[in-house]
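S.K.: Please find the sequence and the predicted model below.
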Amino acid sequence: MVHVPVLLEETVSRLVTEPGGWYVDGTAGAGGHAAAVLAAAGLDARLLALDRDGEALELARDALAPFGARALLERANFSELAEVAARHGIREVRGILLDLGVSSMQLDRAERGFSFMRDSPLDMRMDDRQELTAARLLKRLPPAELANVLWRYGEEPMSRRIAKAVAEAQASGEPLETTAQLAELVSRAKGGRRGRTNPATQTFQALRIAVNSELVALEAVLPAALGLLAPGGRLAVISFHSLEDRMVKQFMAAHEGRMESLAKGGSRWSGQLPRARRVTRKAVTATEEEIARNPRARTAKLRVLERMV
């Protein structure tokens, strides 16, 4: 399946405000967003593209090949953004894009183990160089810790019941090794399918986030990205579920801050430095036309922050 970058026009129009300068795509994927940013930013612009997924980075390399030396690619987690930028002498960046979560390419490759739609090994690694897989995580975690992961990262209301079922399956001598085994176990633990959503959706989301330390990486990259921006530079973040979006929204609101009235009169600004302003007061979402073309855009939310000083 061809990867379709979500909210492409909405993102590029808000991220690129003047020609030239450095840009960063911290989640290059197949390179769709990155190529559009470079095309919009003009011939004097350059872009650093990062991705921890080696297969994705090769696709991005092909997509960005027409831009030659203007595109610099490196395999790295975006949590390493500050270190990678410093190594290449990149400062005062004009715009940074983070497209969070799992990509359609990863979901569509059955052997990656991200989806319950087709049976495959329980892998879920975005970076195949790491040791921890979803199957290994299920073996390592005691029931109480697994329930916490499912509740915290998947907002799964039946987390304890699922964790108990996993522990019983592991103790029986038949460990969970495939996506089909896990999806069936979760479905039984939750009493079968109700409605349109697969019962295993929240469990798979939670395990993927835990395996890849996604929220830990997001917490690290947001201040690093804002610190790397030049005054007037912008940070654009596309998220796909409430946990990510809540973190992004709270981070942006904290740096925008607010004016507080003083007891002796007057007011002062209160917030986190560096000071910034929200370009998007409300999250930008996909149009019905885009959702019809790309159903995975349905849950996408774009938020943009501009550094002021």
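M.R.: Structure's in. What do you need?

S.K.: Give the rounded mean pLDDT of the longest strand belonging to the chain.
M.R.: Looking across the chain with DSSP state E, the single longest strand is strand 229-239. Averaging pLDDT along strand 229-239 gives 98.

S.K.: same thing with stretch 186-196?
M.R.: Averaging pLDDT along stretch 186-196 yields 82.

S.K.: For the stretch 101-250 of the chain, just list every one of the helices.
M.R.: 104-108, 134-140, 143-154, 159-171, 179-189, 201-212, 214-228, 242-256 (DSSP state H, counting those that start in this stretch).

S.K.: which ones are touching the residue most central in space within the chain?
M.R.: With distances taken as CA atoms, centre = their mean, residue 100 lies nearest the centre of the chain, 1.6 Å away. Residues in contact with residue 100, defined by CB atoms under 8 Å, 6 or more residues apart in numbering, are 27, 214, 218, 237, 238, 239, 240, 244. The way it works is simple: take the backbone N, C-alpha and C, and place the C-beta from them, glycine included.

S.K.: Next, format those residues as JSON lines and append neighbour count.
M.R.: Converted to JSON lines, the contacts of residue 100 look like this (neighbours: other CB atoms under 10 Å):
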{"residue": "27", "neighbour count": "25"}
{"residue": "214", "neighbour count": "21"}
{"residue": "218", "neighbour count": "21"}
{"residue": "237", "neighbour count": "30"}
{"residue": "238", "neighbour count": "27"}
{"residue": "239", "neighbour count": "23"}
{"residue": "240", "neighbour count": "19"}
{"residue": "244", "neighbour count": "20"}
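
S.K.: And those, which is closest to residue 291?
M.R.: Checking the contacts of residue 100 against residue 291 by CB to CB gives residue 240 as the nearest, at 13.1 Å.

S.K.: Could you check how far that closest one is from residue 128?
M.R.: Computed with CB to CB, to the nearest Å, the distance linking residue 240 and residue 128 is 22 Å.

S.K.: do residue 267 as well
M.R.: Using CB to CB, one gets 53 Å for the distance from residue 267 to residue 128.

S.K.: Kindly report the same for residue 83.
M.R.: The gap separating residue 83 from residue 128 is 21 Å, by CB to CB.

S.K.: same thing with residue 134?
M.R.: As judged by CB to CB, residue 134 and residue 128 stand 13 Å apart.

S.K.: Comparing these two, which residue is more hemmed in?
M.R.: Shown here are residue 134 and residue 128; by other CB atoms under 10 Å, residue 134 has more neighbours (26 against 12).

S.K.: which ones are touching that one?
M.R.: Residue 134 touches 113, 122, 123, 124, 182, 207, 208, 211, counting by CB under 8 Å, 6+ apart.
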